[in-house]
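fold the following, please.
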Amino acid sequence: MKPGIVFSALVAFQSLQVGSVGAQAPTPSDSAIRAILQDRVETRRATGLVVAILDHGGTSLYTAGTSGAPAVPLDGNTLFEIGSITKVFTASLLADMVARGEVKLDDPVAEFLPKTVRVPSRNGRQITLLDLATQTSGLPRLPGNLKPKDPANPYADYTVEQLYAFLSSYELTRDIGSQYEYSNLGVGLLGHALALKAGKSYEDLLVERILRPLGMNDTRITLSHAQKARLASGHSEAGAAVPNWDLPTLAGAGALRSTANDLLKFLAANLDSTSKPLGRELATTHIGRRDVGGPMRIGLNWHILTALGRPIVWHNGGTGGYRSFIGFDEANQRGAIVLANQNVSADDIGFHLLDERAPLASAPVKRTEISVDPAVLETYVGVYELSPAFSITITRTGPSLYLQATGQPRVQLFAESPTAFFVKEVDAQITFEKDASGKITRLVLHQGGADVPGVKKQ
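Predicted structure coming up:
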């Protein structure tokens, strides 16, 4: 649910093409994992962490830090907000309903909404359930009429009526299915439509079809008193305690809370297509269906990364006070879960647990913002190609420079020197480079231990 949710993985692996398909992945030792987690706590990039690994059916659990206040011991039953990992549960629900013959992937979502709702279409093409589940619907990341009364709980007061009003007034800016763009609105709409089709709330439907059959009794939106007592307190990037989030209307995009032990059950079912009761249905969600950019494709909400020589299927999540990661390597029968109760990305840990060649992010450097002459900023404007499927567009509005990666939201760049800039939403930096004549010819993107050049095309 946070900016840059896929951006960080796309960047970190642009220049990492190693190994061969099916190769055994080198993985970190127990002592190395403990050292990584302890370093995150000591460098204040995590308040508390719970990591779980599933390896050929065997499980391992690691913890570091604290739950915050009230003090709850961190273990496999500690609850965390898992944010956008909810999206792969929405995809699981879609797969189950397709298998039962209740819906089809190519059904227009408009079929499941009230007739009074005008879902946007373009060139005679309607938005389908598949378009929503592959982030290619053409709908924006967030609805334009999301105006939270409480920015600390931004989705809490967004209503179904507002959702319908936005859909009925929105005009698509590109063809449906033509481009990946991560959309909380789109997957929230998908969960809402499936719930309407079943005549139940999203949570009740998910419990009945996915969670209860898998024995996931601690994965819920609405927590019992006992579960609330096991919920780790969320913290901002700076480490301050923050409120929990509520997503009543867009629940399918990010409303779930869960535990490492529950998510291990979900991993096990996803790693074995022959497992009962849902292995076959879940396997259909991992099939790559559309391109994201670089070495990334998307199935039904799961992202599929091939930069490490084998497909790694994954998703992450983030709310105001939490970050999460879930991923697995089917060829090596290994899966990893990372749950953090601080809003600092843990994606690099998750990928590193699956293959230690995946780089770990270094501790962020404190950066000081300076002003740069707008005339200098204008020389950086253009499109920079990092790979045939992944580009960064630099634009300027007044005294500010902005970056937008393929399929990602626009974020502001802040200068720390006339040629070096940084992003505040994620730990990423941009350096612009000139040729002998002083003309800007390329940029270098620094993130997740990788330095990825991009040639200026226009």
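
low-confidence ranges in the chain?
Applying pLDDT under 70 to the chain flags the ranges 1-23, 448.

quick one, domains of it?
7-354, 374-456 (automatic domain parsing).

most tightly packed of those domains?
domain 7-354 (a mean of 20; mean count of other CB atoms under 10 Å). (Glycine included, C-beta is placed from N, CA and C.)

what's the closest of the domains of the chain to Lys366?
domain 374-456 (10.2 Å; CB to CB).

mind checking how far that closest one is from the chain centre?
Put simply, domain 374-456 sits 22 Å off its chain's centre (CA atoms, centre = their mean, to the nearest Å).

also stretch 289-300?
Worked out by CA atoms, centre = their mean, stretch 289-300 lies 13 Å from the chain centre.

who's in contact with stretch 362-381?
Residues outside stretch 362-381 that contact it (CB atoms under 8 Å, 6 or more residues apart in numbering) are 39, 43, 45, 394-396, 398-401, 414-418, 422, 427, 432, 440, 443, 449.

how close does the residue lying closest to Pro277 once chain neighbours are set aside sit to Asp291?
Once flanking residues are discounted, Pro277 sits nearest to Pro213: 4.7 Å by CB to CB, 6 or more residues apart in numbering. Separation of Pro213 from Asp291 (CB to CB, to the nearest Å) stands at 32 Å.

go on, Gly68?
40 Å.

I'd say the residue nearest to Pro277 and Gly279 touch.
No: using CB atoms under 8 Å, Pro213 is not in contact with Gly279, being 11.0 Å away.

re earlier: show only the entries of the contacts of stretch 362-381 found in helices.
Asp39 (DSSP state H).

for Asp451, list each beta-bridge partner.
His446 (DSSP bridges).

just Ser121 next, same as before
Gln126.

cool, and Tyr62?
Val51.

hang on, it packs against Val51?
Yes: using CB under 8 Å, Tyr62 is in contact with Val51, at 4.4 Å.

now do the shared contacts for these two.
With CB under 8 Å, 6+ apart, Tyr62 and Val51 have common neighbours 33, 37.

phi, psi of the residue nearest to Pro277?
Phi and psi for Pro213, reported as degrees, to the nearest 10, are phi -60, psi -30.

can you give me the helices for the stretch 201-350 of the chain?
202-206, 225-228, 251-254, 260-271, 279-283, 347-354 (DSSP state H, counting those that start in this stretch).

and the residue nearest to Asn145 when sequence neighbours are not counted, how far is that from Ile176?
Distances taken as CB to CB, 6+ apart put Phe166 closest to Asn145, at 5.0 Å, once the chain neighbours are dropped. In this structure, Phe166 and Ile176 are 17 Å apart, going by CB to CB.

show me what the host helix or strand of Leu163 is in contact with.
Using DSSP states H and E, Leu163 falls within helix 160-169. Outside of helix 160-169, the residues within contact range by CB under 8 Å, 6+ apart are 113-114, 116-120, 143-146, 185, 188-189, 192, 249-250.

equivalent analysis for stretch 326-336, please.
With CB under 8 Å, 6+ apart as the test, stretch 326-336 has contacts from 21-22, 24-25, 27, 51-57, 82, 85, 88, 263-264, 266-268, 270-271, 286, 310-316, 325, 337, 350-351, 353-355.

which stretches in the stretch 251-400 of the chain count as strands?
If DSSP state E, counting those that start in this stretch is used as the criterion, the strands of the stretch 251-400 of the chain fall at 257-258, 290-293, 296-298, 303-305, 312-318, 323-329, 334-340, 382-387, 390-397, 400-405.

next: the stretch 1-150 of the chain.
48-55, 58-65, 80-81, 121-122, 125-126.

thought Ser345 was touching Tyr322?
No: applying CB under 8 Å, one finds Ser345 not in contact with Tyr322, separated by 11.1 Å.

shared neighbours of those two, anything?
By CB under 8 Å, 6+ apart, no residue touches both Ser345 and Tyr322.

ok, back up a step: which among the strands of the stretch 1-150 of the chain is found nearest to Tyr202?
strand 80-81 (16.0 Å).

just checking: what are the partner strands of that closest one?
Here, using DSSP bridges, strand 80-81 pairs with strand 257-258 (antiparallel).

neighbouring contacts of the strand it pairs with?
79-82, 85, 216, 218-221, 223, 227, 231.

and Ser236, what does it touch?
Ser236 neighbours (CB under 8 Å, 6+ apart): 242, 320-321, 342-343.

just flag the most distant two among these.
Greatest spacing in the contacts of Ser236, by CB to CB: Gly320 and Gln342 (10.4 Å).

any common contacting residues for these two?
With CB under 8 Å, 6+ apart as the test, Gly320 and Gln342 both reach 234, 236.

what number of residues lie near the nearest residue to Phe351 once chain neighbours are set aside?
Once flanking residues are discounted, Phe351 sits nearest to Ala358: 3.7 Å by CB to CB, 6+ apart. By other CB atoms under 10 Å, the residues close to Ala358 number 26.

from Ala268, how far off is Ala358?
From Ala358 to Ala268 the distance is 22 Å (CB to CB).

with His225 instead?
In this view, His225 and Ala268 are 29 Å apart by CB to CB.

what do you get for Ile210?
14 Å.

surely Arg45 meets Ile349?
No: if you go by CB under 8 Å, Arg45 and Ile349 don't touch, sitting 10.0 Å apart.

can you list the contacts of Ser236 in a markdown table and add distance to Ser236?
Listed next are the contacts of Ser236 as a markdown table, based on distance: CB to CB, whole Å:
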| residue | distance to Ser236 |
| --- | --- |
| Val242 | 5 |
| Gly320 | 7 |
| Gly321 | 6 |
| Gln342 | 7 |
| Asn343 | 5 |
